[in-house]
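Novice: task: produce atomic coordinates for the following.
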Amino acid sequence: MKALLVFLLFSYMTAVNAENTLGLPPVTFPKNNPQSPEKIALGEKLFNDIRFSTTQNISCASCHVSHLAFTDGKSLATGINGLTGMRNSPTLINSAFLTSYFHDGRRPSLESQSKDPLTNPIEHGLGHHSEVLKVILADHSYIASFLSVFGINAKNINLDHVAMAIASYERTLISGNSRFDKYHFDRQKTALSFSEARGLRIFRRKANCANCHEISWDNALFTDNRFYNIGIGFDELRITLPSFLIQAKANVSEAIHNLNTVQKEQLGRFIVTHKPKDIGAYKTPTLRNISLTAPYMHDGSLKTLRDVVEYYDKGGKPNAYLNPAIFPLHLTAQEKEDLIAFLGTLTGYLPDSH
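Specialist: From the prediction side, this is the model:
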């Protein structure tokens with residue numbers, strides 16, 4: 001009976017994915033973490049478990065809410081005791097296609113990414129990953145699930161198994177089959193209005209959006225998985241930057257340590273690479289389901305899509321590291337309306353979390 005239920009679940013998931021992946025490439029899976037229905041179900045349970053926090057009320061799902069395309073609708077992520085972080089909660093939709101994780105790309109896989117929030121003092125607040133294992137080992141249903149999924153008994157469960165299960169679930173959060181996909185890939189020319197179709201042309205040409213939010217010939221991730229300084233969140237760092245660069249040449253770790261919390265956050269990708277070209281650079285986010293994921297930018301500083309379009313139209317905010325792809329667009333009022341209308345067509349199938 002159990003084998004039959006697993007087969008039916010797998011068949012259902014395959015059918016759902018086939019129906020809702022129009023416009024997306026195939027998902028690839030790590031060789032050391034293949035998918036299975038049981039592992040996905042375990043990962044979803046872990047993802048939604050509020051016991052993995054010091055206050056017993058924060059789970060992964062607290063910042064990644066299904067009906068908001070797995071964001072939280074807040075400018076900055078909120079964790080235990082109402083504490084707020086320094087960055088906006090990114091969508092987990094289509095995270096299976098990313099090549100690095102977090103706004104600065106500091107983790108290379110979903111498995112490694114899933115561990116960090118648990119011990120972040122603002123997010124889940126746990127002092128050590130062993131506290132996750134204590135919860136699991138006190139729950140017989142978890143022990144049974146890990147035995148079924150990984151073939152291990154209680155004493156062999158470790159955080160890597162937890163991370164693999166959560167990552168397996170997150171790889172199912174796939175969203176394609178939007179009206180854009182039907183128009184562009186399925187050639188349903190009535191799927192977009194005239195205004196939305198004009199917006200697509202503006203997106204790809206005059207507005208230069210597709211330079212970073214890529215549309216390929218057979219799929220569209222709407223991200224190039226690269227990092228850009230677009231001028232957002234640079235003000236406090238700007239003051240100390242000259243002296244910081246001098247210190248960094250001698251000892252980059254010490255120079256970073258001497259910055260305050262806000263200034264460290266504003267370094268962006270530089271924190272990872274220590275390359276001056278990456279100062280203030282952040283990962284290109286996907287635009288899929290963008291109508292559901294406000295507010296925008298890594299610091300949540302732009303509240304609406306109209307604000308975003310206006311920001312780019314003005315050419316961003318000048319600084320010494322502003323990417324050359326950011327320049328004044330001189331869009332007309334109608335072009336802005338069409339572009340915003342097009343962005344609304346990127347909402348596709350939304351997976352659910354229970």
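Novice: in stretch 140-154, what's buried?
Specialist: Across stretch 140-154, burial judged by 16 or more other C-beta atoms under 10 Å covers 142-143, 145-146, 148-150. Quick note: C-beta positions are derived from backbone N, CA and C, even for glycine.
Novice: let me have those in CSV, extended by pLDDT, distance to residue 344 and secondary structure.
Specialist: Converted to CSV, the buried residues of stretch 140-154 look like this (pLDDT from 0 to 100; distance: C-beta to C-beta, whole Å; DSSP: H, G, I helix; E, B strand; the rest coil):
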residue, pLDDT, distance to residue 344, secondary structure
142, 98, 41, helix
143, 98, 46, helix
145, 98, 40, helix
146, 98, 43, helix
148, 97, 43, helix
149, 98, 40, helix
150, 98, 43, helix
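Novice: could these go into TSV alongside distance to residue 194?
Specialist: Formatted as TSV, the buried residues of stretch 140-154 follow (distance: C-beta to C-beta, whole Å):
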residue	distance to residue 194
142	54
143	59
145	52
146	55
148	54
149	51
150	54
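Novice: show me which of those is closest to residue 206.
Specialist: Nearest to residue 206 among the buried residues of stretch 140-154: residue 149, at 50.4 Å, using C-beta to C-beta.
Novice: is it correct that the closest one is in contact with residue 40?
Specialist: No. The pair residue 149 / residue 40 is not scored as a contact, 9.4 Å apart, by C-beta atoms under 8 Å.
Novice: which residues in this protein form strands?
Specialist: Taking DSSP state E as the criterion, the chain carries its strands at 227-228, 282-283.
Novice: which elements pack onto the last one?
Specialist: Contacts defined by 3 or more C-beta pairs under 8 Å, 6 or more residues apart in numbering; DSSP states H and E place strand 282-283 against strand 227-228.
Novice: give me the contact list for the strand it packs on.
Specialist: 104-105, 212, 268-269, 278, 281-284, 323, 325-326 (C-beta atoms under 8 Å, 6 or more residues apart in numbering).
Novice: try stretch 188-204
Specialist: Counting by C-beta under 8 Å, 6+ apart, 179-180, 182-184, 209-210, 213, 215, 331, 335, 337-345 sit against stretch 188-204.
Novice: try it again with 10 Å
Specialist: Stretch 188-204 is contacted by residues 178-184, 207-211, 213, 215, 222, 287, 309, 329, 331-332, 334-346 when judged by C-beta atoms under 10 Å, 6 or more residues apart in numbering.
Novice: buried members of those residues into ChimeraX, please.
Specialist: Selection of buried members from the contacts of stretch 188-204 for ChimeraX, criterion 16+ other C-beta under 10 Å:
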select :178,179,180,181,182,183,184,207,208,209,210,213,215,222,287,309,329,331,335,336,337,338,339,340,341,342,343,344,345,346
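Novice: which stretches of the stretch 1-150 of the chain have low pLDDT?
Specialist: For the stretch 1-150 of the chain, applying pLDDT under 70 flags the ranges 1-19.
Novice: in helices, which of the contacts of stretch 188-204 appear?
Specialist: 179-184, 309, 334-343 (DSSP state H).
Novice: what do residue 149 and residue 40 both touch?
Specialist: Contact criterion C-beta under 10 Å, 6+ apart; residues shared by residue 149 and residue 40: 165, 168.
Novice: quick revisit: quick one: which of the strands of the chain is nearest residue 74?
Specialist: strand 282-283 (17.7 Å).
Novice: tell me the average confidence for that closest one?
Specialist: Averaging pLDDT along strand 282-283 yields 98.
Novice: again with stretch 233-249
Specialist: So the average pLDDT for stretch 233-249 ends up being 94.
Novice: residue 104 and residue 258, how far apart?
Specialist: Using C-beta to C-beta, to the nearest Å, residue 104 is found at 19 Å from residue 258.
Novice: now do residue 189
Specialist: Distance, residue 189 to residue 258, using C-beta to C-beta: 58 Å.
Novice: what sits closest to residue 110 if chain neighbours are left out?
Specialist: Once flanking residues are discounted, residue 110 sits nearest to residue 167: 3.7 Å by C-beta to C-beta, 6 or more residues apart in numbering.
Novice: hang on, I meant residue 79
Specialist: residue 123 (4.0 Å).
Novice: how's this protein carved up into domains?
Specialist: For the chain, automatic domain parsing gives the domain ranges 2-170, 179-229+283-346, 235-279.
Novice: residue 352 is nearest to which of the ones you listed?
Specialist: domain 2-170 (5.1 Å).
Novice: that older thread, got TSV for the strands of the chain, with distance to residue 254 and mean neighbour count too?
Specialist: Shown next, in TSV, are those (distance: least, C-beta to C-beta, whole Å; neighbours: other C-beta atoms under 10 Å):
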stretch	distance to residue 254	mean neighbour count
strand 227-228	24	24
strand 282-283	24	23
